[in-house]
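Engineer: sharing a model prediction with you, sequence too.
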Amino acid sequence: MELSGRFLRWVFFTLGLVLAGGFDRLAISVAVGEDLRARRTSMVIAAGWCFQLDTHDQGERELWFADESDRSAWRSVEVPRAWDTYDESLRGYEGIAWYAVSFNASPAARQGISNLTFGRVMYHSRVWLNGEFLGEHIDGYLPFSFDITHKLRNSENHLVLRVDNRPRIDWMPAAKEIEWVQYGGILQPVRLETRPELSITNLAVHGVPQGAGAKIECVVDLEAPTEATDVRLKFEVEGVSHPPAFLDLTLRAGGAAQRRISLSTEEIVPWSPETPTLYTLVVTLEKAGHAVDQVRTPFGVRSIATHGRRLLLNGKPLLIRGVNRYDEFGLFGPNPPLELVETELRLMKQAGVNLIRTHYPQAPEFLTLCDRLGLLLLEELPINWWGMEWFGKEGVVQNESILEQALPMLRRMIHRDRNHPCVIIWSMANESKTDNEVGIRVMRSLIRKARELDPTRLVTFVTAPGTIQEHRAYEEADLVAFNLYPGSLGPPLAHHTDQLEERARKPAAAMILEHLSAFPGQPMLVSEFGAMGFPGQHGQVPATEEFQAAYLETLWQAISGIEELSGGVVWSWADYHHRRQFRALGAFGAFGLVTIDRRPKLALRTMSRLFGGEIRE
């Protein structure tokens, strides 16, 4: 972002000192200056991985993790990559498999604090290093790490993982019926990360417009070595000519500390979909006049709020023109090349889309692209169809033990992604049974925790088509979000396009008005609406491209015709595979505006016209 000629004057008006507590470490960019390079390193462990199925769950009994275990017959594989894409025979495999790799650590990695960090592994991971068990992790969507400072060898190191992607009812998405494919394996990079003993462990920043300038809140977490230490923190904006600000403090021996600071600027450009202006906050940790650590994080200055029925972005009304998206891209599964993802997001922008909703946390690189391109994000915990019995699956037990999985995942999601200006809404669940006592209590608990962790964004959850009066946790949410499929999935079904007025638009409008009356004074969002359209199928009957396009236009007429609504989100941006065991609508979800490999369908041109985009007929 070009900032030359723009004068920023930083005025520090609040300085708070708070002991560390309650904040997880975030992934943060590291300094690359020569004086700091040897102190903080990050090495992706990408080469030399091998892979073995364990269909009889015998690996642990036979000590496959041991250094001396014979892995000569294991298959060489690429990491990160879903095991479903290694061979067609593995597509949809749900079970146990093992990974192993050998690597050499640099001298720097053996001099500071070293961590093995896994970006994403689906779903239950057990990890060994040099035959020693490091621990396990249950969560297929967010990063985890192990401190291996005193476990690295000077020679070759051996890393082994046992990965199990079989779903369990007490794990996310906490349902007996799961729609999306839970692609197995190591899905994001594995890194050996090193930082100095005296270091910054977290940097969080949030900026909101204030007149022509901005108010910026920063939280810095630090760790000290064994002795008490006097240090200085330096704050500056990279590439902008203005004096840095300093903070002097003493860290207790062997302790952790957290420092909060508020600063203001005289002039800054707010971040929005139209002007996705990004800045970079750089914080340097100095001791005795020398830089010992440095972290930097891009950030945007923007506000998101509500006023009556309105959503306000930077104080101006926001009408959401959104799409839902799974992170699945043709033969690549969840791991397409980043350049293809950028091309996809640029196509969304061209079509007039301003928001993406996801059913689970996305890769940091995806969020960074949304920041840079100006796409808003509604990011959701993967609680999906919890407690529902739509498909003849009897005996679903609901209880508050789901919070044992949901609360830690919520904390990790917010703490990892809260520096991204694209994220404006946290959602706690999708189409779950949140209209009974247990569901209401769980939603209230998650909403309160989300607001405690991040009071700067909106919080909601999403309900299935139907009445919403009994979902009383909405009373504590910032907005009401509900899905709408009359005539498409909800009876009476429309069998031809000439029935869409009576069986889709009118019921949709009536349902929206009913929901508005149930929760007066709150913003409302139609978080899903859509119909299937199989590519290459034509005509005026369901599952054709023409029917899908006509249905979407009919529903958008109902949504945009009610001024009190805050917009709608199409289900979905792209076609996708259903989980192999999901058979309610066949093995393929043809709800996309584009195909699974991102070729446009008729529906894309239709929604582009309705969204005010530039894609022509």
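Structural biologist: Received it, and whenever you're ready, just let me know what you need.
Engineer: contacts and neighbour counts: CA atoms only from here.
Structural biologist: Will do.
Engineer: secondary structure class for residue 412?
Structural biologist: helix (DSSP: H, G, I helix; E, B strand; the rest coil).
Engineer: with the one 4 residues further on instead?
Structural biologist: With three-state DSSP as the basis, residue 416 sits in helix.
Engineer: and the pLDDT at it?
Structural biologist: Predicted confidence (pLDDT) for residue 416: 96.
Engineer: same deal with residue 1?
Structural biologist: At residue 1, the predicted lDDT confidence score is 35.
Engineer: also residue 253?
Structural biologist: Model confidence at residue 253, expressed as pLDDT, equals 86.
Engineer: which regions of the stretch 1-150 of the chain sit below the pLDDT cut-off?
Structural biologist: Scanning the stretch 1-150 of the chain with the threshold set as pLDDT under 70 gives 1-38, 108-110.
Engineer: just the stretch 501-617 of the chain next, same as before
Structural biologist: Applying pLDDT under 70 to the stretch 501-617 of the chain flags the ranges 583-585, 616-617.
Engineer: how about the helices in it?
Structural biologist: Using DSSP state H, counting those that start in this stretch, the helices of the stretch 501-617 of the chain run over residues 506-518, 545-560, 602-611.
Engineer: do the same with the stretch 1-150 of the chain
Structural biologist: Using DSSP H, counting those that start in this stretch, the helices found in the stretch 1-150 of the chain span residues 34-37.
Engineer: can you list the domain ranges for the chain.
Structural biologist: Domain assignment for the chain by automatic domain parsing gives 11-27+197-299, 41-195, 324-392+422-430+464-611.
Engineer: out of those domains, nearest to residue 446?
Structural biologist: Minimum separation from residue 446 across the domains of the chain (C-alpha to C-alpha) falls at domain 324-392+422-430+464-611, 6.6 Å.
Engineer: the closest one: how far from the chain's middle?
Structural biologist: Counting by C-alpha atoms, centre = their mean, to the nearest Å, domain 324-392+422-430+464-611 is centred 17 Å from the centre of its parent chain.
Engineer: does residue 176 touch residue 170 like I think?
Structural biologist: No. Taking contacts as C-alpha atoms under 8 Å, residue 176 lies outside contact range of residue 170: 9.7 Å.
Engineer: more neighbours, those two?
Structural biologist: Set residue 176 next to residue 170 and count neighbours by other C-alpha atoms under 10 Å: residue 176 wins out with 21 against 18.
Engineer: can you count the residues close to residue 364?
Structural biologist: A count of nearby residues for residue 364, using other C-alpha under 10 Å, gives 16.
Engineer: ranges for the helices of the stretch 201-350 of the chain?
Structural biologist: 338-350.
Engineer: deepest in the core, which of the domains of the chain is it.
Structural biologist: Comparing the domains of the chain by mean neighbour count (mean count of other C-alpha atoms under 10 Å), domain 324-392+422-430+464-611 ranks first with a mean of 20.
Engineer: okay, how far is it across that domain, tip to tip?
Structural biologist: For domain 324-392+422-430+464-611, the first-to-last residue distance is 15 Å (C-alpha to C-alpha, to the nearest Å).
Engineer: give me the pLDDT for residue 156.
Structural biologist: As predicted, residue 156 sits at a pLDDT of 93.
Engineer: list the contacts of residue 140.
Structural biologist: Applying C-alpha atoms under 8 Å, 6 or more residues apart in numbering, we find residue 140 in contact with 120, 121, 122, 123, 124.
Engineer: wouldn't the fourth one be in contact with residue 168 here?
Structural biologist: No. Applying C-alpha under 8 Å, one finds residue 123 not in contact with residue 168, separated by 10.2 Å.
Engineer: common neighbours of these two, please.
Structural biologist: Applying C-alpha under 8 Å, 6+ apart, one finds that no residue jointly contacts residue 123 and residue 168.
Engineer: show me what contacts the closest residue to residue 280 other than its chain neighbours?
Structural biologist: Residue nearest to residue 280 in three dimensions, not counting chain neighbours: residue 298, with 4.1 Å by C-alpha to C-alpha, 6 or more residues apart in numbering. Contact analysis of residue 298 by C-alpha under 8 Å, 6+ apart lists 278, 279, 280, 281, 419, 420.
Engineer: change it to 10 Å
Structural biologist: By C-alpha atoms under 10 Å, 6 or more residues apart in numbering, the contact set of residue 298 is 28-29, 205, 237-238, 278-282, 368, 371-372, 419-421.
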